[in-house]
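[1] what follows is a predicted protein model with its sequence.
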Amino acid sequence: MQKKILEILSKKEDYISGQEISKKFNISRQAVWKAINSLKEQGFVIDSVTNKGYKLINYPKVLNKHVLDNMLETEFIGKNMIVLETAGSTNDYLKILGHKGAAHGTVAAAREQTAGKGRLGRKWVSEKDENIYFSVLLRPRLYPMEISGITPVAGLAVCRAIREFCNIDCKIKWPNDIIVNNKKLVGILTEMSAEYDAVDFIVIGIGINTDQAEFPDEVRNKATSIFLETGKNPDKNKLLSVVLKHLEAELTKSSYKLNKTNLEEYKNLCTTINRKVTCCKNGRQIEGMAVNVNSKGELEVKTKDNSVITVNSGEVIIQGIY
């Protein structure tokens, strides 16, 4: 009922009476009053005037399911939208739902994460309402060996969305970080559940540093936020809706794979290319120049003896970038 009442309030420029709302939905005035109060508790600013009714003045600044439902411009991603007050990890939460049959495109966002995860098992620092933490569950009809392009495609979509919405000149650090001024702004972690010959589901977890003004000592020189870069606190609900729109559009038109067009755009935004890197391959440390990202999303590194090796996972240290 809150969602239906919110839809009316958001479309109405003037006040609407409690009686009109109660008649429209065949509920009591008391039920209307309770729904309005519940929306206020969630952060909606709603003016109440005797003999005039209710008027929506402003939306909550924190992630909110009702706001996201109204803002989304997607066909399937986020149509089943879950917003949690707190979660250990939105990826872990969605993986449990995935095994229970959660629908393709389900999104779980959290106002707070207590056990957020980054790559290689690192902890993702997550304070309540400081940043955006969410995961998307997908059920593409692919073989497990065909999903290597999903992470870079997702990274490209997120990078494009932030450049558009925040007017920030962000770049991609291979394979899945979004950076600005050589500091990390966004982390992406992709996990998969699959049989030998078929993907059951994929969960893409994304953390965007939005409002965080300070970082722990160990990452202070490595991380940044939209607030630190622009001096502004972005509308989290609007930013998330824009990211999901770009994510769906890019995944759909590319069939979840890197193709000639999006690979070229990815490489143009990839700050790793043409930098000296140190990486591991088959248990040995390799130094060289990153020269390309191929159609599988692998990083190609040219070594001192002019041989080219491909790196598809693991830690890559890039000269000049954290």
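    Good, I have the coordinates.
[2] contacting residues around residue 142?
    Residues counted as contacts of residue 142 (CB atoms under 8 Å, 6 or more residues apart in numbering) are 198-199, 256. Any C-beta I mention is one placed from the backbone N, CA and C, and that applies to glycine too.
[3] do residue 4 as well
    Residues near residue 4 by CB under 8 Å, 6+ apart: residue 25.
[4] residues of stretch 261-270 that come out buried?
    Across stretch 261-270, burial judged by 16 or more other CB atoms under 10 Å covers 262-263, 266-267, 269-270.
[5] for residue 212, state which of those residues is nearest.
    Ranked by distance to residue 212 (CB to CB), these are led by residue 269 at 23.1 Å.
[6] which one is the closest one nearest to, not counting chain neighbours?
    residue 172 (4.9 Å; CB to CB, 6 or more residues apart in numbering).
[7] isn't the one you found right next to residue 156, touching?
    Yes. With contact defined as CB atoms under 8 Å, residue 172 reaches residue 156; the gap is 6.9 Å.
[8] where does the residue lying farthest from the centre of the chain sit: helix, strand or coil?
    Centroid-distance maximum for the chain: residue 51 at 43.2 Å, with CA atoms, centre = their mean. The local conformation at residue 51, judged by DSSP: H, G, I helix; E, B strand; the rest coil, is coil.
[9] and it, what does it touch?
    For residue 51, no residue meets the contact criterion (CB under 8 Å, 6+ apart).
[10] cool, residue 212 as well?
    Taking CB under 8 Å, 6+ apart as the test, what residue 212 contacts is 127, 130-131, 223, 225, 227-228.
[11] which one of the residues you listed is nearest residue 300?
    Of all the contacts of residue 212, residue 300 sits closest to residue 223, with 27.6 Å by CB to CB.
[12] for the stretch 201-322 of the chain, what spans make up the helices?
    Assigned by DSSP state H, counting those that start in this stretch, the helices in the stretch 201-322 of the chain fall at 226-230, 236-254, 260-269.
[13] which other helices and strands contact the helix-or-strand element of the chain with minimal mean pLDDT?
    With mean pLDDT, DSSP states H and E as the measure, the helix or strand of the chain carrying the lowest mean pLDDT is strand 316-318 (a mean of 85). Using 3 or more CB pairs under 8 Å, 6 or more residues apart in numbering; DSSP states H and E as the contact test, the elements touching strand 316-318 are strand 276-281.
[14] and with 10 Å instead?
    Using 3 or more CB pairs under 10 Å, 6 or more residues apart in numbering; DSSP states H and E, the elements in contact with strand 316-318 are strand 276-281, strand 284-293.
[15] redo the ones you listed as CSV? Include distance to residue 189 and mean neighbour count.
    Below are these laid out as CSV (distance: least, CB to CB, whole Å; neighbours: other CB atoms under 10 Å):
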stretch, distance to residue 189, mean neighbour count
strand 276-281, 19, 16
strand 284-293, 19, 16
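[16] by mean pLDDT, show me the worst of those.
    When mean pLDDT is averaged over each of these, strand 276-281 scores lowest at a mean of 88.
[17] so what strands line up beside it?
    Applying DSSP bridges, strand 276-281 is found paired with strand 284-293 (antiparallel), strand 316-318 (antiparallel).
[18] which other residues reach the shortest one?
    Outside of strand 316-318, the residues that reach it under the criterion CB atoms under 10 Å, 6 or more residues apart in numbering are 173-175, 179, 182, 271-272, 275-280, 285-287, 290, 299, 301.
[19] correct me if wrong: residue 60 contacts residue 44.
    Yes. With contact defined as CB atoms under 10 Å, residue 60 reaches residue 44; the gap is 6.0 Å.
[20] alpha carbons only: can I get the longest strand along the chain in PDB?
    Ranked by residue count, the top strand of the chain under DSSP state E comes out as strand 183-194. Output of strand 183-194 as PDB, limited to C-alpha atoms (Å, rounded to 0.1, in the frame of the first residue of the first chain):
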ATOM      1  CA  LYS A 183      42.500   5.900  -6.700                       C
ATOM      2  CA  LYS A 184      39.800   3.300  -6.400                       C
ATOM      3  CA  LEU A 185      36.200   4.500  -6.600                       C
ATOM      4  CA  VAL A 186      34.400   1.200  -7.500                       C
ATOM      5  CA  GLY A 187      35.000  -2.400  -6.900                       C
ATOM      6  CA  ILE A 188      33.400  -5.300  -8.700                       C
ATOM      7  CA  LEU A 189      33.300  -8.900  -7.700                       C
ATOM      8  CA  THR A 190      31.700 -11.600  -9.900                       C
ATOM      9  CA  GLU A 191      30.900 -15.100  -8.500                       C
ATOM     10  CA  MET A 192      29.300 -18.000 -10.300                       C
ATOM     11  CA  SER A 193      27.300 -21.200  -9.600                       C
ATOM     12  CA  ALA A 194      27.600 -23.700 -12.400                       C
END
